[in-house]
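*Asks:* Okay, here's the prediction I keep looking at, along with the sequence it came from:
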Amino acid sequence: MDTYTVDIVYQAISALFQGTNPKEQEKANKWLQEFQKSIYSWTIADELLHQKRDLHANYFAAQTIRNKIQNSFSELPPHTHESLRDSLITHIAQIDEQTDNVIVTQLSLAVADLALLMATWQEPISDLIKALAPHPAAIWPLLEILKVLPEEIDSRYLRLGANRREQVHKQLDASAECVLEFLCMCSQRKDLDQQRIWIATLRTYSAWLVIQAFPLSHICDNALSQLAFRLLNQPAETSGKLHDNATECVCALLSCMGSRSGQLEVDPQVTRIFETVCQLETAYHLSVAHEDTDKTINYCRIFTTLCDAFSVDIFESQYAMKGLDLVLLCVGHFDYEVAEVTFYLWYKLSEDLFQRYDEKLTARFRPHIERLISALFRHAQMESDHDGLIEENNNFYDFRRKVSDLLKDVAFIVGSGACFKQMFIILQDPTTTWESTEAALFVMQNVAKNILPEENDVIPKVVEAILNMTDQTHIAVRYTSIMLIGELCDWIENHSDLLEAVLNFLLYALQQKNGLAPAAAIALTSICSACRQKMICHISGLVQIAHSLDSFQINNDVAIGLLKGISLILTKLPREQLQPALREIVGFQLQPLVQLLESGHCDPAKNERSDPVYWIDRACAIIRHTNPDVPDNVEHPTVAILNDAWPLISRVLEKYQSESRIMERTCRLIRYGIRMVRKQAVMLVEPLIKQIVVLYAVQHHSCFLYVGSILVDEFAKSNECITGLLEMLQAFIEPTFALLQLENGLRNNPDTVDDFFRLASRYLDCCPLQLLQSTLITPIFQCALIACSLDHREANSSVMKFFINLLTWGRSSNHRHSECRPLVIELATQHGGALVMNLIQASVFQLHSYMLADVAEVLNELKHVVTQAQMQPFLAHALDSLPKKNSGGYVTATQQQLDEFSNTVLRADTTKAVAQALKTFTRLYR
C-alpha cells in the first residue's frame, strides 16, 4: 500500500494519543496496527525517529522498530541489516537527558534483538562499547543494551534456535571480561549521578550473572560485588531502590553457586561468598530496628536464596545449616509478609527429605521445623480486637491458606501427632487468649488428617472441649473448631460412640446465621464420606437436611458438597430404601427446575435460584455419587428416575439451547446418569441422539459431541446401536467441519476440536471396523491433519490420541480386529507423508515442548504400520521442508543434525526415545 507516508502516520499517531473522539481513536489504532504489519513501517519508523516530532511519535516509532525486528525480521534482505544496525546506533547516540525512559528501553531492546538475530555482526558488544562509551549521554542506553541483551537470549519471540544460542553464549563469554571492566569503570565514575550509575551498573551486572558469563574468580573480588555487599551492609544509608538492586545482584550471584553446591567446605571462594552473605545478619537486625520492612524482605530473600543455592550442602554439612538459621530468623519477624518469602524453600526442603526417606537425616531438621511451626502458629493469629470471621480474599486470608498448605507439607518431619500435642499444650494454658486458641486449632486442623485413628490420648480431650463450647466462645474459634471436627472424620469413624454428639453439634451449627453454617456443612460432608456405614441409621435426618438446604446460610458449592456426602450414604442403603430416598432427594432439585420452565423466565441470573444450573448441578452431584453395587441383570435404582426425568431434561435442552453454560451442565447430568446405569439407559439413546444432533447443527455446543462420545462408549458394542451411532457421527461432521473451516476456526474453537476427536477416538475404541469401512474416516483423518498444529493442550492431545488409536489397529500384533489392519495400512500409506510433514512442522513452529510426547507416540505408532522404506522418505521430505537458515542468516540445523534426528527416530524402539529426539531437535528452531 503506497499511501503510507510519514505525515499520514504522524496524523494517525496524533489522533490516537491526543484525540478526544473514542471512535476516531479506535479507528486510528486499527490503522496503525495494520501499518506496523506493512513493509513500509521499517523506513517510516526510522524517519520518525530522526525527525523527533514529539514523545508519542518517538515512542510509536521505537516500539515499531523493536516489534519489526522481533517478529518480522525476515522481511529485510540480508544486505540491509548493516544499514539498520548503523541507523539504530545513530538513534541511540542521540539520546539525551530529555529522552523518555520508555523510548530508551524500546531502542535498547531493538539493538539487542538485532545483535542476537544478525549473524554477520561478529562482535556486537565490543562494537557498541567502542561506539557509545566515549559519549557520557550514551552511557545510559549502552548499559540498558548490555542489560537486556542476555535477557533476550531465551525470548520465545526471537526463536534463535539452539545453534545460534550456543554461538551467542560463546560471544558473551568472550566479551564478559571486557563488559565487567566497563561496568566497574562506570560504577567508579565521578562525573555521573552516583545513585543512578550504581543502579544501572548493578542491574546490568545481575543480568550477566544470571547467564553465568563470569568465572567464579571474577565474581568474588570485583568492584561491583563489593559495592553490592557494601550497600547491603549499610541499610540506613542506602536508598530503597539501590537496596533492591543490590539484593537482585547478590541473589543473581548466589544463583551462580548452583553448579558448585556441595563444595562449600572444599572451595575457598565458595566459602567466602557464603560467609559474606551470612555477615548480613547484622544489617538484617538494623533494618528490623528501623522498621524498614522492604529492606527486611530483601535480606530474607537473600538468605532464602543462599539456602536454595547451597541445598546439597545443607543436607551434607552442619556448617551450611547456618543459612537455615538465618531463614528461621526471618520467619520469626513480626510481619507475616517476611515469613511468606521463605515458603518455597520449606516446600523444597520437605520434598527433598521425603524423597530421601532417611530417618536420621529427617531428625536433623526436626528442631528447625518445630521452630517453623511455632512461628507459623504466631503468624496465623488474628488481631485480638477482631470481632467476626476472616474475610475471604483479603491478604491475611490468602496467607493463612498458604500456611495451611505448608503445614500439610512439613508436618511429617516432626510427626502430625507431635505437632497436635504441641498445640494442645498451648490450649491447656489457662492464660491462652482466644486468638492463640484459634491459631492452635487452625494448626491442628491442618495436621489432623494424618493422625492415627487409634489415638486416645489428646484427641478425645480436644473433641470433648469442642463439643462443649458455648455460644459465648469467639465465633472464629467455633468456626475453626468445626473445621477441625471435619478433618478428624477418620478418627471419628473409629470412635463411633461420639458420632451422635458430633452430628448434633454440626446440625446446630448448620442452622446458625452467623457464618458457621458453611464450616458445619463442609465438616458434615467429610463425616458422611468417612463414616458411610455408620451413618445409615441417620438417613432420614440427612434427607431432611437435603430438603432444607436453602434454609441454611451456605452457598451452592457447599450445598452440592453436602449432597455428595448424603449420596455416598444412600449408596449403602438396602435396595428397597435406596430408590425412594434417591427419588425424593433428586425430586427436591428437579421440582424448582419444573417451576422455572413453566414460569417462562428466560434470562437466568448466574448462581441464583432462577438459574437452572443452580438445580442441575445439585441433581448431578446426587446422581454421580449414588453408586450402589448392582448386578447387570438387576435394574439399577437410578434407571426409573432417569427415564422419568428425561422429558424435563429435554425441555431444558430445548428452552436454554443458546446458553452454552446451561447446556454444558445439562450434558454433564446426562453423562453421569448414563455412566451410572450404563446399558440400562438404552431407552434414552434414540430420543437423545435426535435432539442433540438437531441442537448441535444450530448452536455448535461442543458438549453435545461429548455426550455423543459417552453414548458410543456405552452402546457401540451392541450391534443394533452401531448404525444409529454412525449416523449420529455423520450428522455431527458437517457442522463441525463448517465451524473449523472458518477463519481461525481451529484456534477459536478448541473445545470443539477436543470433543470431536474424543468422539472419533471412542468409535475407534468401540467399533473400529465399522468406522474404518465407512466413508467418514478419510475426511476425519484430513481434518486431524490440519488440527495437528493447534497449540491448545487438551485439543491437541485429543487429535494425537485419535491418530494413535487409529494406527494401533494397523500393527501386525493386532489380532482382536485383524480386518482393520489392511484398512489402516492403506490410510497410512496414502496420508503418512502428509502426517509426518504436519507433525514435524507443528512440533517445530507451533506446539509447546510439553506436547511433543504425544507427537512422538504418533510417529512411533506410524513406524509400526508402514515399512522402514516408506517411513524414511516421509521423514526426509518433512525435514527438507524446514528452513536451513534463519532470517538472521545463521544455520538453524546442520545436515549432520538433521541426519542424526532422522536416524534416531527410525532406529528408536520406544516412544520415550522418539520424544527425547524430538525435543532436542525442535530446540534448534526455538
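*Replies:* Nice, thanks for sending it over.

*Asks:* Phi first, then psi, for residue 891.
*Replies:* The phi/psi pair for residue 891 (degrees, to the nearest 10) reads phi -70, psi 130.

*Asks:* Quick one: distance of the strand or helix carrying residue 351 to the chain centre.
*Replies:* Per DSSP states H and E: residue 351 is located in helix 343-356. A distance of 21 Å separates the centroid of the chain from that of helix 343-356, by C-alpha atoms, centre = their mean, to the nearest Å.

*Asks:* Buried residues in that helix, which are they?
*Replies:* 343, 345-346, 349-350, 353 (16 or more other C-beta atoms under 10 Å). C-beta here means a position set from N, CA and C on the backbone, and glycine is covered the same way.

*Asks:* will you turn the residues you listed into a markdown table that also has pLDDT?
*Replies:* Shown next, in a markdown table, are the buried residues of helix 343-356 (pLDDT from 0 to 100):
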| residue | pLDDT |
| --- | --- |
| 343 | 97 |
| 345 | 97 |
| 346 | 97 |
| 349 | 96 |
| 350 | 96 |
| 353 | 94 |
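
*Asks:* what's the strand or helix carrying residue 246 packed up against?
*Replies:* Using DSSP H and E, residue 246 sits in helix 240-255. Counting contacts by 3 or more C-beta pairs under 8 Å, 6 or more residues apart in numbering; DSSP states H and E, helix 240-255 packs against helix 194-210, helix 223-232, helix 268-278, helix 293-309.

*Asks:* Burial-wise, tell me which of those comes out on top.
*Replies:* Stretch with highest mean neighbour count among these: helix 293-309 (a mean of 23; mean count of other C-beta atoms under 10 Å).

*Asks:* got a list of contacts for that one?
*Replies:* 232, 235, 238, 240, 243-244, 247, 250-251, 254-255, 257-258, 261, 274, 277-278, 280, 283-284, 287-288, 314, 323-324, 326-327, 329-330, 333, 335, 337-338, 341-342, 344-345, 348 (C-beta atoms under 8 Å, 6 or more residues apart in numbering).

*Asks:* What average pLDDT does that helix get?
*Replies:* On average, the pLDDT along helix 293-309 is 96.

*Asks:* That one: what's the following helix or strand?
*Replies:* As assigned by DSSP H and E, the chain's next helix or strand after helix 293-309 is helix 311-316.

*Asks:* Against which helices or strands is that next one packed?
*Replies:* helix 321-331, helix 343-356.

*Asks:* Serialize the ones you listed to CSV and add fields for distance to residue 901.
*Replies:* Shown next, in CSV, are these (distance: least, C-beta to C-beta, whole Å):
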stretch, distance to residue 901
helix 321-331, 44
helix 343-356, 34
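
*Asks:* Quick check: which of those helices is nearest to residue 171?
*Replies:* Comparison of the helices and strands packed on helix 311-316 against residue 171 by C-beta to C-beta identifies helix 343-356 as nearest, at 33.7 Å.

*Asks:* Give me the residues contacting the closest one.
*Replies:* Counting by C-beta under 8 Å, 6+ apart, 304, 307-308, 311, 314-315, 327, 361-362, 365, 372, 402, 406, 409-410, 412-413 sit against helix 343-356.

*Asks:* Now with 10 Å, please.
*Replies:* Applying C-beta atoms under 10 Å, 6 or more residues apart in numbering, the contact partners of helix 343-356 are 303-308, 311-312, 314-315, 323-324, 327, 331, 339, 361-362, 364-365, 368-369, 372, 376, 399, 402-403, 405-413.

*Asks:* contacting residues for the residue nearest the centre of the chain?
*Replies:* Against the mean C-alpha coordinate of the chain, by C-alpha atoms, centre = their mean, the closest residue is residue 793 at 11.8 Å. Listed by C-beta under 10 Å, 6+ apart, the contact set of residue 793 reads 750, 754, 847-848, 850-851, 854.
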